[in-house]
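Q: how would this look folded up:
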Amino acid sequence: MSSKKILKGEKSMNFKYLSILIIVCATMATCKTSNNLKIATKNNFDGQEIEIKVTEGEEWDHKLKIINWLPFIRVTNQPQIAIWIEDLDGKYLETLYVTQGVAKQDWKKAPSDPTPKEEIRRPESLPHWSHQRGIKYDDGLYLPTRDNPIADAITSPTPKKSFILSSKIEAKRNEVFIKAEINHSGDFNEYYHKNLDPDSEYYGGGRWGSGQPAVIYAKKINLTDNEQKYSLEMIGHSSTNGENGNVYSDISKLTTAKRIVEEIIIHLN
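A: Now for the predicted structure:
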């Protein structure tokens, strides 16, 4: 066989492989996201109606490099989100909403990630919510599993942009805390970078982890005052590696993570 034919064959194979990779990237960019601007959860439940408007910040869309040797190929990643209710003593009451990546542990596998897809777990994704929820699974983590996912009644694909959540609070209380936890994958900065050792205080799951930890918002609301409007306030960040459910108030080393959302507004109906 001539060298020209061999070279032509190699180019053809490379083009075919690159085409497959581009299709994979496009699929990963569109999966687990939604264009719907309104999300309704707990439709068949009784309780206080509530509307939560989540306004996207300048870092809502995050460009994630998924192939080490093709740095120009990136997917657009939207955040993982949980919104839930606690009593005034900080006891978990109920979840209003959680995105499907966490709810079903249905993470997409990047081509460069050596972990088998069925073994991918992201304990650093939303650790405050998962630990407050308090359900420990067979592998010792407080995250749902593929075999035991969160009910469809409170989950949906990640919205691609700002959205309004319409839900219901079942808790029979006058006052509660509403909390939200928000996290990006691969959201690295000079402190929370991808090459840290697992024993580092800034270790966020390594190359395929979160990088910067999840950010936590909270506000006490009065469920008897339907005329009131509340704005959730940033109160800290979660455990960097997901080993506990603590809230850490020092957010001085966070950068882009603080700009994922612009505001979260609560309306009671």
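Q: now for residue 96, how many residues are close by?
A: Residue 96 has 22 neighbours, counted by other C-beta atoms under 10 Å. C-beta: built from backbone N, CA, C; applies to glycine.
Q: one more: residue 63?
A: There are 9 residues near residue 63, going by other C-beta under 10 Å.
Q: so where's the stretch 51-200 of the chain shaky on pLDDT?
A: Within the stretch 51-200 of the chain, the stretches with pLDDT under 70 are 64-74, 109-112.
Q: can you give me the helices for it?
A: Shown for the stretch 51-200 of the chain, the helices assigned by DSSP state H, counting those that start in this stretch span residues 100-103, 127-133.
Q: got those as a markdown table, with mean neighbour count and distance to residue 163 columns?
A: Formatted as a markdown table, the helices of the stretch 51-200 of the chain follow (neighbours: other C-beta atoms under 10 Å; distance: least, C-beta to C-beta, whole Å):
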| stretch | mean neighbour count | distance to residue 163 |
| --- | --- | --- |
| helix 100-103 | 23 | 14 |
| helix 127-133 | 24 | 18 |
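Q: would you agree residue 127 is in contact with residue 215?
A: No. Applying C-beta atoms under 8 Å as the test, residue 127 and residue 215 come out as separate, 11.9 Å apart.
Q: where do the contact lists of the two overlap?
A: residue 238 (C-beta atoms under 8 Å, 6 or more residues apart in numbering).
Q: on that earlier part again, and the helices of the stretch 51-200 of the chain: which comes nearest residue 241?
A: helix 127-133 (8.3 Å; C-beta to C-beta).
Q: next, format the helices of the stretch 51-200 of the chain as TSV and append distance to residue 56.
A: Shown next, in TSV, are the helices of the stretch 51-200 of the chain (distance: least, C-beta to C-beta, whole Å):
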stretch	distance to residue 56
helix 100-103	17
helix 127-133	20
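Q: now for those helices, which one comes closest to residue 186?
A: Between residue 186 and the helices of the stretch 51-200 of the chain, the tightest spacing by C-beta to C-beta is seen for helix 100-103, at 13.1 Å.
Q: alpha carbons of that closest one, as PDB, please.
A: The C-alpha trace of helix 100-103 is given here as PDB (Å, rounded to 0.1, in the frame of the first residue of the first chain):
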ATOM      1  CA  GLN A 100     -31.800  15.400  38.100                       C
ATOM      2  CA  GLY A 101     -28.000  15.000  38.000                       C
ATOM      3  CA  VAL A 102     -28.000  14.700  41.800                       C
ATOM      4  CA  ALA A 103     -31.500  13.300  42.200                       C
END
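Q: now what about that helix, what contacts it?
A: 32, 80, 82, 106-107, 122, 125-126, 130, 143-144, 149-150, 154-158.
Q: can you pull the contacts of residue 245?
A: Listed by C-beta under 8 Å, 6+ apart, the contact set of residue 245 reads 127-128, 130-132, 142, 238-239.
Q: quick one: which helix or strand includes it?
A: Under the criterion DSSP states H and E, no helix or strand holds residue 245.
Q: ok, for it, nearest residue in space, not its chain neighbours?
A: residue 131 (2.4 Å; C-beta to C-beta, 6 or more residues apart in numbering).
Q: and the pLDDT at residue 1?
A: As predicted, residue 1 sits at a pLDDT of 54.
Q: returning to that earlier point: out of the contacts of helix 100-103, which end up buried?
A: 32, 80, 82, 106-107, 122, 125-126, 130, 143-144, 150, 154-158 (16 or more other C-beta atoms under 10 Å).
Q: filter those residues down to the ones in strands?
A: Counting by DSSP state E, the buried ones among the contacts of helix 100-103 place 80, 82, 155-156, 158 in strands.
Q: can I get these in TSV with distance to residue 209?
A: What follows is those, written out as TSV (distance: C-beta to C-beta, whole Å):
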residue	distance to residue 209
80	12
82	17
155	22
156	24
158	17
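Q: which one of those residues is nearest residue 196?
A: Taking C-beta to C-beta as the measure, residue 80 is the one of these closest to residue 196, at 20.7 Å.
Q: ok, back up a step: list the contacts for the residue nearest to residue 245?
A: 142, 244-245.
Q: ok, residue 195 next?
A: Applying C-beta under 8 Å, 6+ apart, the residues near residue 195 are residue 207.
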